[in-house]
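J.: here you go, sequence then predicted model.
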Amino acid sequence: MNKKNSSMVNLPAPREPINQKIDTNNALVLNHNAIYEQRLAEITQSNTCDKAIVTVNPYGTAPLSLYLGVWMDEAAALEINVVDSEATTEAVRYQYDVHPGANLIPVCGMVSAVNNQITLRLASQIVGQYTVMTDALPPTDSANVSLGFPIISVSCPAQQASLMEEGLYFSTYFDRYNLAFDHNGIVRWYVSQEIPSYNFVRMDNGHFLATSQGINHCLNMYEFDIMGRVYTVYLLDNEFHHSILPIENNLAIAPSEYSNGRPDGYSTGKDGVSIINLSTGLEVAYYDMLYVMDYSRSPRPSGSAPGQDVSMDDWLHINQSYINEPNNLLICSGRHQSAI
């Protein structure tokens, strides 16, 4: 293995793209766009708030979500309340701004395998109510299922639940599912395994970004929403293997590496940070920590990550990175150096 000269400096220029881009012909994205346009076109003036078109799981990717197709005469702020019909769970409440004409109102927060009551209010007055039955959650691990649905349990319930903020806890499980659950551990949202689960983050526009080992080894990054609609698939030349973070100017930063081998003869991995432009999918900067840190430092004796090529020198293993904008700093953590 080559050893570097510590005096060498690598400037944070982007790597030359090979196939990196937005997949404008992605079949899933095109299909989801067509479904959205079709559902929107079905809405007529007769579909008032109490006569909405109900479409459960419209994209086949978010079984606890649905669209209400509603025609509005004027802009308004609808209050949406979702709870199981027996009211045994906490209600999910939020506001959605509608505009004149046809609207596909996203409804999330239903409970699996029971009837759910969805209530629409306008200026505190009930303007629509719907009862919807949902399917059971996917199976958990068994002799026939190896990547089953996570089991959520609450080991220490809140003693003063009334003091807690409303809302859901969003989480992800490596190559299994992205999901959300309430204070009681009841699953209220998830997306199917068609969508990557592991590196999962919410964007400022309410969408999510995700990559996973199970979908092309973290080389396909998906942008999707609470309805399970996939908007964009980014094709990456090099893995986004940990902790994607959207930053200002429509950029995203994530730990990366040379997924097909470094161009300089070294055999290191997981020792770089990439910034990409979400508008184009192209990399705008790459920080190669092999040329920033002291590569002669010995890593902690923890071995390689599971499933990793044993020939890779995983001396740093960056698992988190972000830009501290007030101080113009790039900050990242290296697991195998126990250092930031």
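T.: That came through, no problem.
J.: show the pLDDT at residue 207.
T.: Looking at residue 207, its pLDDT stands at 98.
J.: pull the contacting residues for it.
T.: Going by Cβ atoms under 8 Å, 6 or more residues apart in numbering, residue 207 touches 223, 224, 225, 231. All C-beta atoms are positioned from the backbone trio N, CA, C, and that covers glycine.
J.: all strands in the stretch 201-340 of the chain, in order from the N-terminus.
T.: 208-211, 220-224, 230-235, 245-247, 251-256, 272-277, 283-288, 318-324, 329-334 (DSSP state E, counting those that start in this stretch).
J.: meant to ask about the stretch 51-200 of the chain
T.: Under DSSP E, counting those that start in this stretch, the stretch 51-200 of the chain gives strands at 53-56, 66-72, 76-84, 92-98, 101-107, 115-122, 125-133, 169-172, 178-181, 187-191, 199-202.
J.: for those, could you give me TSV that also reports mean pLDDT, mean neighbour count and distance to residue 259?
T.: Formatted as TSV, the strands of the stretch 51-200 of the chain follow (pLDDT from 0 to 100; neighbours: other Cβ atoms under 10 Å; distance: least, Cβ to Cβ, whole Å):
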stretch	mean pLDDT	mean neighbour count	distance to residue 259
strand 53-56	99	16	39
strand 66-72	99	22	38
strand 76-84	98	19	41
strand 92-98	98	15	39
strand 101-107	99	20	35
strand 115-122	98	19	43
strand 125-133	98	14	43
strand 169-172	96	16	21
strand 178-181	98	21	23
strand 187-191	98	25	25
strand 199-202	96	18	14
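J.: out of the ones you listed, flag the one nearest residue 16.
T.: strand 199-202 (24.0 Å; Cβ to Cβ).
J.: quick one: residue 37 is in a helix?
T.: Yes. Assessed with DSSP: H, G, I helix; E, B strand; the rest coil, residue 37 lies in a helix.
J.: burial measure for it, as a count.
T.: 10 (other Cβ atoms under 10 Å).
J.: renumber starting at 540 from here on
T.: Sure, I'll start numbering at 540, so the last one becomes residue 576.
J.: most neighbours of all the contacts of residue 746, which one?
T.: residue 763 (26 neighbours).
J.: beta partners of that residue?
T.: Under DSSP bridges, the beta-bridge partners of residue 763 are residue 747, residue 769.
J.: also residue 878?
T.: With DSSP bridges as the rule, residue 878 is bridged to residue 873.
J.: residue 832 and residue 876, how far apart?
T.: 8 Å (Cβ to Cβ, to the nearest Å).
J.: ok, now residue 619?
T.: 47 Å.
J.: follow-up on the earlier one: shared neighbours, residue 832 and residue 876?
T.: residue 855.
J.: low-confidence ranges in the chain?
T.: Along the chain, segments meeting pLDDT under 70 span 540-550, 841-847.
J.: domains in it, by residue range?
T.: Following automatic domain parsing, one finds the domains of the chain at 566-672, 734-876.
J.: end to end on the longest one, go ahead and measure it.
T.: Right, the one you point to is domain 734-876. 32 Å (Cα to Cα, to the nearest Å).
J.: count of neighbours near the residue nearest to residue 797 when sequence neighbours are not counted?
T.: Nearest residue to residue 797, sequence neighbours excluded (Cβ to Cβ, 6 or more residues apart in numbering): residue 777, at 6.0 Å. Close neighbours of residue 777, defined as other Cβ under 10 Å, add up to 20.
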